[in-house]
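> Got a predicted model here, sequence first, then my questions.
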Amino acid sequence: MATPGADSQDLKLTPLNALHKELGGKMVPFAGYEMPVQYPTGILTEHKHTRAAAGLFDVSHMGQVRITGADPAKSLERLVPGDLVALEVGRMRYTVFTNDAAGILDDLMVNKRPNDLFVIVNAACKEQDIALLKNGLPDCTVEYLADQALLALQGPQAVAVLARLNPTVSDLQFGQGAEIKLGPHACFVTRSGYTGEDGCEISLAAREAEAFARWLLSQPEVKPIGLGARDSLRLEAGLCLYGHDIDTTTTPIEAGLNWTISKRRRAEGGFPGASVVQQQLSGGVSRKRVGIQPEGRAPAREGTEVQSLDGRKIGIVTSGGFGPSVDAPVAMGYVETAAAAAGTPVQLIVRGKPLPAKIVTLPFITKRYAKA
């Protein structure tokens with residue numbers, strides 16, 4: 001999770017940096033920021049606590065952007081394959097920036113609000129994404145919200161905790177967002193997250209973030225969660241991590257993100273790499289992103305070679321580790337389409353030895369998002 005070789009003096013700090021250290025967080029470089037990878041209880045406990053109760057994540061390193069203009073949704077469709085024109089006000093949509101080869105430049109969340117689009121991009125891609133938006137949307141105003149913090153409260157008890165401050169949080173459906181006051185704090189709250197659990201992401205003024213986080217942590221259900229458990233939670237949920245499971249060498253179709261492209265956008269195109277996406281939708285792809293279940297207890301890490309049973313290389317692991325909720329190793333990666341069917345036996349080369357595994361359908365756990 002850490003960025004090797006980063007000089008700690010060059011790292012940016014989130015508004016909760018001092019609180020992380022007070023809580024005993026083990027701080028590491030991540031996407032140019034000093035971030036907590038875990039707290040004293042450890043990744044396993046943090047992971048299980050999030051699945052059972054409510055985990056608090058600091059995601060203030062991510063980029064929060066406001067886009068205004070005559071029709072920002074229509075304008076942004078020039079850069080992404082997502083259907084933003086049809087997106088209802090008050091709802092959010094997952095999409096990706098693509099290049100002319102349909103490679104993925106980053107993934108992002110787009111919230112349509114009454115007077116703007118509120119967009120969240122990844123920390124490591126933040127500067128290039130903002131430049132892309134400003135250059136690609138000359139008819140819009142693109143504003144980086146540098147003075148906003150972003151917190152995520154995830155788990156089956158997360159919404160109940162937030163409802164103590166404002167019961168209207170409970171009215172949000174998964175994928176909806178609204179301006180909601182939580183205690184004294186003016187927030188934009190979305191019912192969303194990156195764990196496979198119910199929960200919310202909360203954008204608020206950076207200067208108010210620590211007081212809000214301290215109140216959340218005062219609630220008996222809430223514990224702080226670091227990057228380590230964030231990674232194992234999203235991996236169990238089959239969610240992509242940019243720079244690992246998706247990047248400029250992968251297309252949305254290879255990555256299994258067909259569901260993010262509506263019928264209209266497939267037909268009309270109008271985004272970078274549209275012709276490649278249309279060709280892959282009609283003609284298929286040579287490889288696909290899949291879940292991989294190693295046998296035994298040894299995890300297969302990123303970069304592990306995937307072979308057919310006769311020893312031929314057919315793919316690679318892009319994310320892998322131990323899944324505390326399934327009590328077994330879990331992985332995802334890309335394999336040749338002919339080997340992508342669930343149940344296909346494969347072998348993984350771990351420390352030079354072939355270990356048996358099989359292709360499985362993602363996710364590894366049942367997602368528990370709030371349904372309408």
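Ah, there it is. This one's a predicted model, so the numbers in the text were calculated from it and none came from an experiment.

> gap between the two ends of stretch 350-367?
From its first residue to its last, stretch 350-367 covers 29 Å (CA to CA, to the nearest Å).

> Would you mind checking the average pLDDT for the strand or helix carrying residue 94?
Per DSSP states H and E: residue 94 is located in strand 92-98. Mean per-residue pLDDT for strand 92-98: 98.

> Not counting its own residues, what contacts it?
79-84, 87, 104-112, 129, 132, 175-177, 190, 192, 246, 251-252, 257, 260, 271-273, 277 (CB atoms under 8 Å, 6 or more residues apart in numbering). Where you see a C-beta, it was placed from the backbone N, CA and C, and this is true even at glycine.

> and if you look at stretch 44-57?
Residues from elsewhere that reach stretch 44-57 (CB under 8 Å, 6+ apart): 38-39, 41, 151-158, 161, 195, 197, 199, 213, 216-217, 219, 221-226, 228-230, 232-233, 324-325, 365.

> Quick one: buried ones out of these?
The neighbour-count test (16 or more other CB atoms under 10 Å) applied to those identifies 38-39, 41, 151-158, 161, 195, 197, 199, 213, 216, 219, 221-226, 228-230, 232-233, 324-325, 365 as buried.

> picking that back up, in strands, which of the contacts of stretch 44-57 appear?
In strands, judged by DSSP state E, the following of the contacts of stretch 44-57 are found: 38, 151, 152, 153, 154, 199, 222, 223, 224.

> pLDDT and distance to residue 332 added to those residues, as CSV?
Output for the ones in strands among the contacts of stretch 44-57, formatted as CSV (pLDDT from 0 to 100; distance: CB to CB, whole Å):
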residue, pLDDT, distance to residue 332
38, 98, 22
151, 98, 27
152, 98, 21
153, 98, 26
154, 98, 20
199, 98, 22
222, 98, 29
223, 98, 27
224, 99, 27
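
> Tell me the one of the residues you listed nearest residue 339?
Nearest to residue 339, judged by CB to CB, of those is residue 154 at 33.5 Å.

> unless I'm mixing things up, that closest one is touching residue 193, no?
Yes - between residue 154 and residue 193 there is a contact at 4.7 Å, judged by CB atoms under 8 Å.

> which neighbours do these two share?
Residues touching both residue 154 and residue 193 (CB under 8 Å, 6+ apart) are residue 199.

> can you point me to the longest helix in this protein?
helix 206-218 (DSSP state H).

> low pLDDT regions in the stretch 251-372 of the chain?
372 (pLDDT under 70).

> which stretches of it form helices?
Assigned helices in the stretch 251-372 of the chain, in chain order: 263-268, 274-283 (criterion: DSSP state H, counting those that start in this stretch).

> Just put those in CSV and tack on mean neighbour count.
Converted to CSV, those look like this (neighbours: other CB atoms under 10 Å):
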stretch, mean neighbour count
helix 263-268, 13
helix 274-283, 15
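
> Is it possible to get the ones you listed out as CSV so that each row also shows distance to residue 70?
Below are the helices of the stretch 251-372 of the chain laid out as CSV (distance: least, CB to CB, whole Å):
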stretch, distance to residue 70
helix 263-268, 20
helix 274-283, 23
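
> Which parts of the stretch 101-250 of the chain are helices?
Taking DSSP H, counting those that start in this stretch as the criterion, the stretch 101-250 of the chain contains helices spanning 126-136, 158-163, 206-218, 227-236.

> how about CSV for those, with distance to residue 22 added?
Shown next, in CSV, are those (distance: least, CB to CB, whole Å):
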stretch, distance to residue 22
helix 126-136, 26
helix 158-163, 21
helix 206-218, 10
helix 227-236, 18
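
> Can you say which of these is nearest to residue 308?
Of all the helices of the stretch 101-250 of the chain, helix 227-236 sits nearest to residue 308, with 23.9 Å by CB to CB.

> could you say what helices and strands that closest one packs with?
Counting contacts by 3 or more CB pairs under 8 Å, 6 or more residues apart in numbering; DSSP states H and E, helix 227-236 packs against strand 33-38, helix 43-52, strand 313-323, strand 328-336.

> Of those, which is nearest residue 14?
Ranking these by proximity to residue 14 (CB to CB) places strand 33-38 first, at 6.3 Å.

> I appreciate the help and will end here.
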